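> just coords:
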């Protein structure tokens, strides 16, 4: 069912504490942890605890939780003292999404050029 943890989802397992991660923040609705393959000095993933495959699915079903993800992304940036940063939601395999559990990448701590590569 939508929003329920999925047995085969890596991020659901992290949110439930079944797979270790370097957790930097946790709220009632979100978990933020360091990316295992960082693309910048700060590279933190912020995920909803509820399982939705994409950010669009999350926003349509749970707009309040989608807002929580963005709020936590800001808090991560503040705690890492980032003056500027990027929040990225990859949606679909063609856009680079590899784990189909909605998540935001918070990237900062170095110059981030446009367009992204």
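Perfect, thanks for sending it. Since we're looking at a predicted model, the values are computed, not measured.
> just so I have it, where are all the strands in the chain?
23-26, 30-34, 42-48, 85-88, 104-108 (DSSP state E).
> Of all the residues in the first one, which ones are buried?
For strand 23-26, the buried set under the neighbour-count rule, 16 or more other CB atoms under 10 Å, comprises residue 24. For glycine as for every other residue, the C-beta is placed from the backbone atoms N, C-alpha and C.
> Counting by contacts, list what that strand packs against.
strand 30-34, helix 63-79 (3 or more CB pairs under 8 Å, 6 or more residues apart in numbering; DSSP states H and E).
> Could you check how far the nearest residue to residue 82 once chain neighbours are set aside is from residue 58?
Nearest non-adjacent residue to residue 82, counting by CB to CB, 6 or more residues apart in numbering: residue 108, 3.9 Å away. The gap separating residue 108 from residue 58 is 23 Å, by CB to CB, to the nearest Å.
> Ok, residue 37 next?
Taking CB to CB, one finds residue 37 at 23 Å from residue 58.
> who has more neighbours, the two?
residue 58 (26 against 5; other CB atoms under 10 Å).
> residues contacting that one?
48, 50, 52, 65, 66, 69, 102 (CB atoms under 8 Å, 6 or more residues apart in numbering).
> hmm, 7 Å instead?
48, 52, 65, 66, 102 (CB atoms under 7 Å, 6 or more residues apart in numbering).
> so which of those comes closest to residue 28?
When these are compared for distance to residue 28 (CB to CB), residue 65 wins out at 9.7 Å.
> count of residues packed around the closest one?
19.
> Surely it touches residue 47?
No. Using CB atoms under 7 Å, residue 65 and residue 47 do not qualify as a contacting pair, with a distance of 10.3 Å.
> Common neighbours of these two, please.
What both residue 65 and residue 47 touch, as defined by CB under 7 Å, 6+ apart, is an empty set.
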